[in-house]
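Engineer: Sequence unavailable; structure follows:
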């Protein structure tokens, strides 16, 4: 029975339209029901004016009516709201407890987050404290499919949006929730439009007991400057004390629940705000933390926080292919990116990490360009030193770009961020880079995610887009989906990559086997894989597999390209290097994968499939490949690269495969496997 029908039974004279909403406007219950919201506030005087008979009620009917209305109001608009994803797979409960705004998160019967606080402290007041009422002011659904360049060709955005008003005395704030079938996100939009100082966020995430958490660790103050820590695991109960650098962790935190399902705590669409860090405060709880600490940071104009995000996955396949972070970022500015032909994913050679006595000499860099052309790479990266070693740097850069163009190769250049923090200096530098004919800029050593550095990064993306230049950020935090809004961002560091191998901090195999399920969930990463000549405790094929496992539309390969071309040990993999994709149309996490132990992907580019597997352990392991993902009744040719005995290089064979193919491969300790599958 509808509410209107019930009212006609209980109260024949009671109006079913013309009631007052929370703002005093006239709204019908039926209209409110269709919107999925019930923001009704009954005002005796206004009701009496419009419907005098409504106040002349039978006492019993009046009691029944009040009870009915009170229960409806409490469940939907007073202090308890239930929010659901499009297919009701994820539910968030938002409620008031002793004047404080609280929430919890579930997926069916599984608790994802236990009750925790929401709120924001500014220099003016505290949002989420002293709350009188919460109301769903608007509810709608988003369904869209947009291009992607990470794990698949497209990203599908399907979520239910709830715009919720938070009423505290005379002030009305807003919090926006988006519920996905594989995640939940929310952001604060406090009242007011003037200058505000964000002092603290009360936002907390309470993790169920007995969960395990993956976090990154580096025993120095560089941990949160560069996000270059080793990924490792601990119990959620131990997180406050497990790190030598204190209780504050960088994002994301990847959590396996007692149910064996996964959640990820991170953020999306970071802009005009300080980057979110997470402090383990005990009782299995994480609280949002900022680089600036109690001093806070200033926001001019309308204050809107980035999205606080909880991803949800039943298994590693769903975890890797979760697109919520990308979905939460706004689309590119159509005017700024009206022409995007200059944005071209590709592979790059790099002289810095294997530099010799001739490093950065123009003649040596020409050799790298020639090698890039021979390997069918699209770019060369001119890293630190070109501005100091070249006496006529702009003329020499222009000459090098012109030479590279004859070889169908384009040039990137490096720049220390401290030299271009000033807007005028930045613009003068970028104008010179553009006039010289370079394609992109790698800027380095931001070493913080404080708001002024976030402002610098976004300002840099805008300034480069205006000049049709691509960007690679180094010495920075992990991404939050910026490359959707700014497609000229091709990659960023915020990861412990191969350059640590020359800094006496060699990367262990287990770190590599964790990365696809941890840091790379946030987006692309400039790990600079393929460092065959300085591979630490990994094997040759392990290093090769990283090229296929790690996402980076600008894939800068560590090994000296001249070595790759001239050393016979690399001859078996040259065909793979020449055809290596850097974006993917489809990604499948294969059975046997386990964070930190084994990473096994099947990835498709066009009609071709690539299998990449790495062993993260110090023991040999067996991996069984079943190719049921291949099209039925088609024949394929597989080019299989594995580790030669005693890590002497690569072993390459060919086989015919099909949809029913199954084979067990024995991977040595810290070894790898790469297979290219092409249709005949």
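Structural biologist: Right, received. Where do you want to start? Owing to the predicted nature of the structure, the values given are computational and were not obtained by experimental measurement. Numbers count the residues shown, from 1 in each chain.

Engineer: so where is this protein shaky, pLDDT-wise?
Structural biologist: Applying pLDDT under 70 to the chain flags residues 1-78.

Engineer: okay, which residue is most central for it?
Structural biologist: Centroid check for the chain by CA atoms, centre = their mean gives residue 522 as the closest residue, at 2.5 Å.

Engineer: contacting residues for that residue?
Structural biologist: By CB atoms under 8 Å, 6 or more residues apart in numbering, the residues touching residue 522 are 251, 252, 266, 325, 478, 479, 480, 481, 494. (Each C-beta comes from the backbone N, C-alpha and C, glycine too.)

Engineer: Please tell me how far it sits from residue 307.
Structural biologist: Residue 522 sits at a distance of 13 Å from residue 307 (criterion: CB to CB, to the nearest Å).

Engineer: quick revisit: give the full set of residues in contact with the closest residue to the residue nearest to the centre of the chain other than its chain neighbours.
Structural biologist: Nearest residue to residue 522 in three dimensions, chain neighbours excluded: residue 478, at 4.6 Å (CB to CB, 6 or more residues apart in numbering). Neighbour list for residue 478: 227, 250, 251, 252, 266, 492, 494, 495, 519, 522, 523, 525 [criterion: CB under 8 Å, 6+ apart].

Engineer: Looking at these, which one is closest to residue 534?
Structural biologist: residue 495 (17.5 Å; CB to CB).

Engineer: Tell me, how many residues neighbour the closest residue to that closest one other than its chain neighbours?
Structural biologist: In this structure, residue 495 finds its nearest non-sequential neighbour in residue 525, 4.3 Å apart by CB to CB, 6+ apart. Residue 525 has 23 neighbours, counted by other CB atoms under 10 Å.

Engineer: pretty sure residue 525 is in contact with residue 550, am I right?
Structural biologist: Yes: at 6.3 Å, residue 525 and residue 550 qualify as touching, with contact defined as CB atoms under 8 Å.

Engineer: got any residues that touch both of the two?
Structural biologist: residue 515.

Engineer: does residue 370 count as helix, strand or coil?
Structural biologist: helix (DSSP: H, G, I helix; E, B strand; the rest coil).

Engineer: Return the residues in contact with it.
Structural biologist: The contact partners of residue 370, taken as CB under 8 Å, 6+ apart, are residue 407.

Engineer: Tell me the spacing between it and residue 409.
Structural biologist: 9 Å.

Engineer: Pull the number of nearby residues for residue 84.
Structural biologist: For residue 84, the neighbour count with other CB under 10 Å is 15.

Engineer: actually residue 287, sorry about that
Structural biologist: Residue 287 has 20 nearby residues by other CB under 10 Å.

Engineer: Tell me if it really is in a strand.
Structural biologist: Yes: counting by three-state DSSP, residue 287 is located in a strand.

Engineer: Quick check, it in contact with residue 279.
Structural biologist: Yes: counting by CB under 8 Å, residue 287 does reach residue 279; the two are 5.1 Å apart.

Engineer: Okay, domains of the protein per the record?
Structural biologist: Domain assignment for the chain, taken from automatic domain parsing, gives 3-78, 82-327.

Engineer: Determine which stretch of the ones you listed is the most buried.
Structural biologist: Neighbour counts (mean count of other CB atoms under 10 Å) averaged over each of these peak at domain 82-327, with a mean of 19.

Engineer: Just the endpoints, please. Distance across it?
Structural biologist: Domain 82-327 has an end-to-end distance of 22 Å (criterion: CA to CA, to the nearest Å).

Engineer: That domain: how far from the chain's middle?
Structural biologist: Relative to its chain's centre, domain 82-327 lies at 12 Å (CA atoms, centre = their mean, to the nearest Å).

Engineer: do stretch 465-473 as well
Structural biologist: Between the centre of stretch 465-473 and the centre of its chain there are 20 Å (CA atoms, centre = their mean).

Engineer: Kindly report the same for stretch 312-328.
Structural biologist: Stretch 312-328 sits 10 Å away from the centroid of its parent chain (CA atoms, centre = their mean).

Engineer: which residues in the stretch 551-680 of the chain form strands?
Structural biologist: Assigned by DSSP state E, counting those that start in this stretch, the stretch 551-680 of the chain shows strands spanning 554-556, 586-589, 598-605, 608-615, 621-626, 636-643, 650-657, 662-667, 672-679.

Engineer: Between these, which one is closest to residue 564.
Structural biologist: That would be strand 650-657 among these, by CB to CB, at 12.0 Å.

Engineer: what are the pairing partners of the closest one, and which direction each?
Structural biologist: Strand 650-657 has its sheet partners listed here by DSSP bridges as strand 636-643 (antiparallel).

Engineer: what residues does the strand it pairs with touch?
Structural biologist: Against strand 636-643 from outside (CB under 8 Å, 6+ apart): 539-542, 544, 572-573, 575-576, 609, 627, 630, 650-658, 665, 667-668, 671-680.

Engineer: May I have the secondary structure class of the spatially closest residue to residue 445 that is not a sequence neighbour?
Structural biologist: Once flanking residues are discounted, residue 445 sits nearest to residue 475: 4.2 Å by CB to CB, 6+ apart. Secondary structure, three-state DSSP: residue 475 is coil.
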